[in-house]
Every structure is written in C-alpha cells, then in structure tokens.
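>>> what follows is a predicted structure for the sequence shown.
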Amino acid sequence: MEGREPLVVSVARLAGVTREQFLRDIYPQRKPVVLKGMELGTCTTKWTVDYLSKAEGSKEVKIHVSMVPQMDFLSKNFVYRTLPFDAFVQRAAEVKHKEYFLSEDIADIRKQFPILAEDVQIPEYFEKEQFFSSVFRISSAGLQLWTHYDVMDNFLIQVTGRKRVVLYSPRDAPYLYLSGTKSEVLDVDNPDLEKYPLFVKAKRYQCFLEAGDVLFIPALWFHNVISEDFGVALNVFWKHLPAESYDKSDTYGNKDPTAASRAMQILDRALKTLEELPEEYRDFYARRMVLRIQEKAYRNDYG
C-alpha cells in the first residue's frame, strides 16, 4: 500500500535554559525539547570505554542481548542476561559485533554506580520527592529500541555517542497500533502500510542527540530510539502527577496511573456487557460510548 510521506517536525533545540525558565516556559507546554549546554559534570569527557570498565569493575548488571539491531518487546527477539559490568561495556563497544547489547537496570545511579555518579550532575529541574529513578543506558551501535511511552516525565541525558529519537504525540495513539505501552510498528522508517495503514497519519517528531544534549520527553509521548554509535546515556524519571496517582507496586515505572487503570477495567467490563446484545445493538451503543468519551475526555492542545 502506498501512502503519503508522514509529516516530520524537528524537535525544538534550546540552549542555556535555567531551571526557572524550564518550569515557567517549557514544562507546562508538555512537548519534547532538546536542552543544550547544560552542566552535566565531568562525565561527558571522562566516560571512555576504558574508564567505565575500570571505574565500576566486575559488578553484575542486567542487560538485553539481541541478534538483530531492532529490538522488539512484543515478539521478545532478545534475551535477558547478567554480565560483569566491565565485560558488558567492552562487548557493547565493539565496532564489529554479532550481538546487540542494552543495559536495562532500574535503579538510582547514585546507589548502584556510586563512583560513576560522582561524575554526573543531574539537572534537577523537579522537586526531590518527585524523583523516581535514574537508569544507566549503555547501547551498541545500531541498536534500535521499540516505540513505547512512559507514564513519568523523563530527561534522556546523552553523555557520549549519538542517538536519533523519533517521537509521537499522545494524540496520535490511535495510529500507532498499541499493545499495552508499546507500538506494534517496529520499523518507523519503513512501516508495513498494508498491515498498519493508519500509521501514516501519525505526526513524526524527530531529533538527533549529540554528547551533552538532554532531551525532555513528557509522560505519554511515544519514542523510538536508535543508537547511531556506541554510547552512554542516563534516563532520569520523575513523577509529573501527585505521588498517590501512581501504583505503589510499580517497580519499573511503566504501569498506567491508577485512575487510568481503573477506567480501562471499567471499559473492558462495559464492552463485555455489550456482548449480551445483538450485533446491531452492540454497534449502536458502542458508537454512543465512543461519542461520550470524545465529548468528555478528548483535549486538542497536544502539539
């Protein structure tokens, strides 16, 4: 199926943004933005492969390992392994490799990697009690992470290497063929429009991150990340909503807010109840439900 080229919007790039400016002018807009020239500490110059390997030694880390560069969470085309940190860094940095590596521990870098944490100055453009996690991301060149959304706000801090990030607004969720928090469309550059014909309607936001760049990804914005070369990054997640809005058992920060989960459960029960009616009635009342949702819940202020 042939379709028009999707609209591509470049993510805004802003330099020298202070905490006050971020909170006043950028944060309320709920749109992604690349922040340049931020003070990140000595990590941008110190974190070579040799330094990383020696700094934290052979402590074990959990990683994803795939034989192909496009990791797919839905088909699980990767395996989980535990490797010594120094061995993992060396293997991920190999120029020629048959396996692709991605570190995936959910943690606080200050507790898990205290030596390396001393080199990092995390932009604390949020209150301390909002902090959820800081996730160390080390990835092989060419690795592409599936399109997904997170339920918390996120600073993607690119310490070394380069990444390309493709993003989609929460408004475009109807075109992304969702399975939970993930999109079924794995190849965003060459999508199968026979299988995913609506995907072409999704507005594509895009940016390229260089060492020292920080990408603000608001909660619910979908993102697909490809590492253009070996690189080290840090994801810092914090709670946009009041703490009580989140599932207290959510270790990884990927469960929908409790109110949203309850609403989805109620909707599932409502749809189940409609099955008691003949097809003509199911169709009619399902359409009425859609109209009610559109009238009460939809907003039109996403970019």
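Noted; the coordinates are in hand.

>>> top helix in the protein by residue count?
helix 279-297 (DSSP state H).

>>> from the middle of its chain, how far away would that one be?
Relative to its chain's centre, helix 279-297 lies at 32 Å (CA atoms, centre = their mean, to the nearest Å).

>>> for that helix, give me every contacting residue.
Ala270, Leu271, Leu274, Glu275, Leu277 (CB atoms under 8 Å, 6 or more residues apart in numbering). Glycine gets a C-beta too; all of them are placed from N, C-alpha and C.

>>> top of these by neighbour count?
Leu274 (15 neighbours; other CB atoms under 10 Å).

>>> tell me how many other residues crowd the nearest residue to that residue once chain neighbours are set aside.
Of all residues not flanking Leu274 in the chain, Arg282 sits nearest, at 4.9 Å (CB to CB, 6 or more residues apart in numbering). Residues contacting Arg282 under the criterion other CB under 10 Å number 15.

>>> likewise the one 10 residues further on?
Using other CB under 10 Å as the criterion, Arg292 is surrounded by 10 other residues.

>>> per-residue pLDDT, it?
Predicted confidence (pLDDT) for Arg292: 90.

>>> please renumber the chain so that the first residue is 89 from this point on.
Shifting the count to begin at 89 puts that one at Arg380.

>>> would you map the helices across the stretch 139-288 of the chain?
Taking DSSP state H, counting those that start in this stretch to define them, one finds helices in the stretch 139-288 of the chain at 173-180, 197-200, 202-205.

>>> contacts for the helix or strand hosting Ala347, please.
Following DSSP states H and E, one finds Ala347 within helix 346-362. Residues outside helix 346-362 that contact it (CB under 8 Å, 6+ apart) are Ser333, Tyr334, Asp335, Lys343, Asp344, Tyr369, Arg370, Tyr373, Ala374, Met377.

>>> could you do stretch 97-105 as well?
Here stretch 97-105 makes contact (CB under 8 Å, 6+ apart) with 114, 119-126, 253, 255, 291-295, 303, 391.

>>> export that stretch as CSV, just CAs?
This file holds the C-alpha atoms of stretch 97-105, laid out as CSV (Å, rounded to 0.1, in the frame of the first residue of the first chain):
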residue,chain,number,x,y,z
VAL,A,97,8.6,18.0,12.8
SER,A,98,12.0,18.9,14.2
VAL,A,99,12.1,19.0,18.0
ALA,A,100,13.0,22.4,19.3
ARG,A,101,16.6,22.9,20.5
LEU,A,102,17.2,25.4,23.2
ALA,A,103,20.5,26.5,24.8
GLY,A,104,21.2,27.8,28.3
VAL,A,105,17.8,27.1,29.8
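
>>> where does the stretch 289-391 of the chain have low pLDDT?
386-391 (pLDDT under 70).

>>> okay, the angle between the longest helix of the chain and helix 346-362?
When axes from the mean of the first three to the mean of the last three CA atoms, to 10 degrees is applied, the directions of helix 367-385 and helix 346-362 differ by 160 degrees.
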